[in-house]
Each structure stands twice: as structure tokens, then as C-alpha cells.
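# Kindly return the folded structure for what I paste below:
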Amino acid sequence: MANYKLILPSVAKFEGGLSSDPRDSCSKKRSDVIDPKNGLGYHTNKGVCYSTWLSASKKLGFDASGKSFVAMSKSQWESIVKELYWNPLNLDKVNSQAIAEILFQSNWGSGMGGAMTLVRFMQEKINLAQTGKMDTLTVTKLNEYTKNSTKEKSLFKDIWNRRLQYLQSLKSFATYGRGWTNRMNDLLSRGLSYMDNIKKPISIIGLALIVGGIYFIKSKNLIQ
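Below is the predicted model:
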């Protein structure tokens, strides 16, 4: 089953810390803690919008103040990632770590609306009604489909391409496109590494090393 903890280092790497950038869509709702560089309230911390922090505080029992927002702990951040972005897509029940991560990233970056659009695309690929919901039927069908490693890799690449095309279509791509592309390339390399490491058979070189090791041990025993 997919594990949200595996993607946390990647998310943290690309998010950074506090932001008060007025170009960011999160700037519509700012905290009362002011960035001394521009006199504007911080609106994002570790990729979490202040508006999200306020809603998360009600659900997860955090202090909703701006001060607590800028002092967000690692455990609080991880709870938000899991409860607000991973769990709503039932990703704990998905077998493919690669596909789970890219579906999570669509929710993290574009909200449930963006995630549901990508889920519809995936449902079409695996011959399901395009509801946009990661319900039991969709998860079950996805897990059956990805038992075939070739199909899993092809589906992952299709979803990845669809997500990248969406990002490239946004007006803000001119501003944030480089960072988004770097993030997408990281998702691609991570996803392919999961599939290669888990399902790749022993290579000819690896097999030769094993056989050679066995021969060496037997030869050594004979000499002794």
C-alpha cells in the first residue's frame, strides 16, 4: 500500500518556508504576522495557505492564530498533509506508490477540484465512469489494473503528462513554471524508481555476480 511518509521529504524540499509573495493565490487570505521585507502578512508556510491553516485548526485542534501559523511544527505540517490532502483521496488503499503520489500532488497543488479532474482522466484510462471520486470501486479497479507492471508504468506516465499539461496551461506558469516543472520531474523520477526497484527482475550482471560468488565460495572450500 502507498505510504504518505515517502513523499514528505520531496514536498518539503520544494516548498520552503514562509511566504508573503503577493503574486501567489494564497495571498487572498493573510495572517496578522508581518513580513518585514514588504510589510505584508505571511500567507503561506511550508506550502500550507493561511486559509487552509484556519480550516485545519478546527479539524485537527490547532491554535488558529497567525503566530501559531508561522511557528507551525513538523508534526502539525505532516498532520495537514495526511488528513487534508492524502486521506481525502483514499491513497492509503492504493497499491501504486507512484500513482498515489501524483494524485496527492494534484490535490496539494490544485485542491480537490484539480485532483478530481486528474482522477476522471485516470478513470477513463482504466475504463471506469468518470466520477472524479476515489471511491472503493475506483481504488479496487486501479489496484487490479496496476498488478501488471507495464500497465502501471504506462498509466503513471499518462497521468504525469496530463498533470504537466494542466500546469503549463495556467497563466501563472510564466511565474512559477520552472519550480512546478522541477517538482514534476522529481515526481517522474521518483515514480519510475519505485516501479523499477520493486518489480525489476535480477539483471544479467546481478545474476552473474551471484553465480560468481557461489562459485568462489565452492572453490575456496575445495581448496581448503
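# buried ones in the longest helix anywhere in the chain?
Longest among the helix segments of the chain by residue count, using DSSP state H, is helix 97-125. By neighbour count on 16 or more other CB atoms under 10 Å, the buried set for helix 97-125 is 97-110, 114-123, 125. C-beta here means a position set from N, CA and C on the backbone, and glycine is covered the same way.
# From the chain's centroid, how far away is it?
Centre-to-centre, helix 97-125 and its host chain are 9 Å apart (CA atoms, centre = their mean, to the nearest Å).
# For Ala100, see how far away Ile7 is.
8 Å (CB to CB, to the nearest Å).
# scratch that, Pro36 is what I was asking about
Distance, Pro36 to Ala100, by CB to CB: 40 Å.
# quick revisit: now the longest helix of the chain: average pLDDT?
Helix 97-125 shows a mean pLDDT of 97.
# right, and the helix or strand after it?
Downstream of helix 97-125, the first helix or strand assigned by DSSP states H and E is helix 136-145.
# report the angle between the axes of that next one and helix 97-125?
Orientation check (axes from the mean of the first three to the mean of the last three CA atoms, to 10 degrees): helix 136-145 against helix 97-125 gives 110 degrees.
# so what's Leu40 bridging to?
Asp35 (DSSP bridges).
# Please name the residues that touch it.
For Leu40, the contacting residues are 20, 22, 27, 30, 34, by CB atoms under 8 Å, 6 or more residues apart in numbering.
# Can you list phi and psi of the fourth one for me?
When quoted as degrees, to the nearest 10, the phi and psi of Arg30 stand at phi -110, psi 150.
# ok so, going back, what subset of the contacts of Leu40 is buried?
By neighbour count, with 16+ other CB under 10 Å, those hold 20, 27, 30 as buried.
# Looking at those, which is nearest Lys93?
Ser27 (35.3 Å; CB to CB).
# Shouldn't that closest one be within a strand?
No. The assignment for Ser27, made by DSSP: H, G, I helix; E, B strand; the rest coil, is helix rather than a strand.
# Check which helices and strands the helix or strand encompassing Leu167 is in contact with.
Assessed by DSSP H and E, Leu167 sits inside helix 149-169. In terms of contacts (3 or more CB pairs under 8 Å, 6 or more residues apart in numbering; DSSP states H and E), helix 149-169 is packed against helix 97-125, helix 136-145, helix 173-199.
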